[in-house]
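In: sequence below, structure please.
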Amino acid sequence: MHGPVWVGWLLVLLGAAAGAYCLVRARSGPAAQRGEARGEGLMALGMAAMAWPVAPPSWSPWLFTAVFGAAGLWALAHRHLHHAVGALAMAYMALAMVVPASQQAGHTGQMGQMGQLGQAGGTGPMAHAGPGGVPLLTGLLLVYFTGYVLAAGVRLVPAAGAGAGDVAAGGPVPVAGAGVLPACRVAMGIGMLAMLLAL
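Out: Below is the predicted model of the structure:
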């Protein structure tokens with residue numbers, strides 16, 4: 001990823017906090033939400049690992065590609081479309097960040113120096129000197145996650161007039177923490193946008 005190191009640390013904190021909450025929710029939440037909470041938690045922890053702004057082993061991008069690719073295919077097979085898009089987007093980012101670095105390995109002169117500067121100044125395991133990925137695919141993923149964040153964020157806002165009056169009138173009683181899991185999804189969507197923009 002490009003950008004300052006503190007952005008990487010913020011993404012690590014965001015992913016770790018969302019992942020921990022979702023995994024706790026998977027143990028104690030309603031049965032209908034446990035599977036979704038597990039998937040969200042594992043994805044958030046993976047996002048935190050991928051954004052880690054410390055020099056990793058050289059094989060870690062390939063590991064991320066394999067793990068997220070398998071998770072995306074599993075989610076696709078189980079018809080969890082959003083999880084599939086998220087996991088495959090993570091695999092794409094890992095692959096896009098490692099391919100330019102391997103292509104620049106044989107270059108000398110100014111390009112080699114730029115690659116060394118990019119490795120030293122980037123954030124995250126797959127820091128690189130030049131932009132990676134296919135611009136059209138990156139743009140489509142940016143559009144998807146922007147739409148997802150906006151739609152999920154709007155659903156978090158309570159409807160006008162809803163609240164204590166509905167409960168007093170015999171409406172459904174809100175479950176404690178029911179809005180936190182969707183808020184974690186919004187936060188992770190924002191994290192995906194940040195990672196795609198830094199690609």
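In: tell me which helix or strand in the protein has the weakest average pLDDT.
Out: The helix or strand of the chain with the poorest confidence is helix 110-121; it has a mean of 38 (mean pLDDT, DSSP states H and E).
In: following element in sequence after that helix, please.
Out: helix 135-156 (DSSP states H and E).
In: using CSV, write out every CA atom in stretch 21-36.
Out: What follows is stretch 21-36, C-alpha atoms only, in CSV (Å, rounded to 0.1, in the frame of the first residue of the first chain):
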residue,chain,number,x,y,z
TYR,A,21,-16.3,-7.9,18.0
CYS,A,22,-17.7,-10.1,15.3
LEU,A,23,-16.1,-13.2,16.6
VAL,A,24,-17.4,-12.6,20.1
ARG,A,25,-20.8,-11.9,18.6
ALA,A,26,-20.6,-15.2,16.7
ARG,A,27,-20.4,-17.0,20.0
SER,A,28,-23.1,-15.1,21.9
GLY,A,29,-25.3,-13.6,19.3
PRO,A,30,-28.6,-14.9,17.9
ALA,A,31,-28.2,-18.1,16.0
ALA,A,32,-29.3,-16.5,12.7
GLN,A,33,-26.4,-14.0,12.8
ARG,A,34,-23.6,-16.4,14.0
GLY,A,35,-22.5,-17.5,10.5
GLU,A,36,-22.5,-14.0,9.1
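In: run the chain-centre distance for it.
Out: Mean-position distance between stretch 21-36 and its chain equals 19 Å (CA atoms, centre = their mean, to the nearest Å).
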